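Novice: 3D model of this:
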Amino acid sequence: MNYIYIICLLCSSVIAFGQETVKRDSTRKPKINLEELKPEAFTVESDFNAESSYGWFPSIPTISTLDITGMGTPFFMDGIYQSSLPVKSNSFLYPDLEFRSSHPFAKKDIQTLSPFTMEETDDDIPEDDVWSIGIRRRMSIQPLQTVLRIGTDLLSTNSTLYAIDKTKSYVGINGQKKPLEELHTIFLKEYEINVSAGLEFSIYGAYLTMADMQVYSVYTASIGAIGGFMAYSNQIYSSTIMSDREYIRYSNGSNVIILEQDKRLKELQSFRCRIEYSLGWQLMFGPIGLGIEGFVQIPLTPILHNSNWGTYLMGTRSSLILRY
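Specialist: Reported below is the predicted structural model:
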């Protein structure tokens, strides 16, 4: 009997110590009624920010790039077009001749011949050409919704002028006196160091900025001014016999003779100024992009002080765009 009493006492003690007093928390919020929730009562915030603009004249975002540019002429154009021709100048060896940008002869008729033979040499015929390489900084101007372009480049130009001279004569194989027709050629090779500044406008396209990444494809138009210093200028003055070249040759035995070479033209304008108009397209993806544009440069200063002779430049410019 005593054992049964002890066991009951131990059991009651365990139950007493195992019990936990649960108190009601008066600050606990009541359960939410899902049927009474309204979506507009909640605000969702995200760390992902994106800005975009597209269509005609899209809004320009913050742009800062460094461009490596290269300029050349397509196969279907010369790239250099002379203005204010014909031109006469005391800077030329024959100042009374009128020089033009073209001549009426076929290419095979002006090819240089080997001495006292009709075999053509490998000498190249001078042709007009233009190319350049440079760097350019582009920065957006937000209040004006435009892009400022500042750059420098090295410009190389090859330009030619032609004049027909009929002031001389020769005695033909029949013993009769005949007029001698000669083609005078001035080949001018120049290297120019330029500094340029202009404004670029977005015409059509799309811009997308996501965090630190920028993506856009846009067509642009630009206008700018160019100032250049003539670092190098070399003139080659030659004369080609066009009459009976099978029988008549110069003292060197050829139908072509060099009259002046490695000579700088007198009264050469060392400082050149031009205005440029261009249309282009740019594709940017993250830190790198590509661009291409067609341009025309109109001369504001002549090549020679004593004439209005100038050169229009036309071509295409490619650029490697680096976000800066």
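Novice: For Trp131, name its beta-bridge partners.
Specialist: In this structure, Trp131 has the following beta-bridge partners (DSSP bridges): Ser156.
Novice: Confirm for me that it is in contact with Ser156.
Specialist: Yes: in this structure, Trp131 is within contact of Ser156 by Cβ atoms under 8 Å, at 5.4 Å. All C-beta atoms are positioned from the backbone trio N, CA, C, and that covers glycine.
Novice: so what sits against both of the two?
Specialist: Taking Cβ atoms under 8 Å, 6 or more residues apart in numbering as the contact criterion, Trp131 and Ser156 have no common neighbours.
Novice: From Asn308, how far out is Met139?
Specialist: Between Met139 and Asn308 the distance is 37 Å, computed by Cβ to Cβ, to the nearest Å.
Novice: can you tell me which residues contact Pro83?
Specialist: Wrong residue type there; residue 83 is Ser, not Pro. Under the criterion of Cβ under 8 Å, 6+ apart, the contact partners of Ser83 comprise Pro299, Asn308, Trp309, Gly310, Thr311, Tyr312.
Novice: for Ser52, that is, sorry about that
Specialist: Under the criterion of Cβ under 8 Å, 6+ apart, the neighbours of Ser52 are Ala206, Tyr207, Leu208, Thr209.
Novice: Look up how far Ser53 lies from the first one.
Specialist: Read it as Ala206. Between Ala206 and Ser53 the distance, using Cβ to Cβ, works out to 7 Å.
Novice: Please apply the same query to Phe229.
Specialist: Going from Phe229 to Ser53 by Cβ to Cβ gives 40 Å.
Novice: Which one of the two is surrounded by more residues?
Specialist: Each of Phe229 and Ser53 had its neighbours counted (other Cβ atoms under 10 Å), and the higher figure belongs to Ser53 (17 against 12).
Novice: and that one, how far is that from Tyr250?
Specialist: In this structure, Ser53 and Tyr250 are separated by 67 Å, where distance is defined by Cβ to Cβ.
Novice: Same check on Leu155?
Specialist: 35 Å.
Novice: Looking at these two, which has the bigger crowd around it?
Specialist: Leu155 (23 against 16).
Novice: which ones are touching the more buried one?
Specialist: Shown here is Leu155, whose contacts under the criterion Cβ under 8 Å, 6+ apart are Met71, Val130, Trp131, Ser132, Tyr191, Glu192, Ile193, Asn194, Gly228.
Novice: got it, and Gly224?
Specialist: Arg149, Ser196, Ala197, Gly198, Leu199, Ile275, Glu276, Ser278.
Novice: which of the residues you listed lies closest to Pro126?
Specialist: Checking the contacts of Gly224 against Pro126 by Cβ to Cβ gives Glu276 as the nearest, at 25.9 Å.
Novice: Hmm, that closest one is touching Gly294, no?
Specialist: No: with contact defined as Cβ under 8 Å, Glu276 and Gly294 do not form a contacting pair (10.9 Å).
Novice: Looking at the two, which one has more neighbours?
Specialist: Glu276 (17 against 14).
Novice: What residues does the more buried one make contact with?
Specialist: Contact partners of Glu276, counting by Cβ under 8 Å, 6+ apart, are Ser196, Gly198, Ser222, Ile223, Gly224, Ala225, Ile226, Phe295, Val296, Gln297, Ile298.
Novice: repeat for Ala163
Specialist: By Cβ under 8 Å, 6+ apart, the residues touching Ala163 are Pro86, Tyr94, Leu97, Glu98, Phe99, Arg100, Leu183, His184.
Novice: Kindly report the same for Ser159.
Specialist: Applying Cβ under 8 Å, 6+ apart, one finds that Ser159 lies in contact with Ile80, Gln82, Asp128, Phe187, Leu188, Glu190, Thr311.
Novice: Now do the buried residues in the helix or strand where it lies.
Specialist: Using DSSP states H and E, Ser159 sits in strand 146-171. Within strand 146-171, the residues that qualify as buried by neighbour count (16 or more other Cβ atoms under 10 Å) are 146-149, 151, 153, 155, 157-164.
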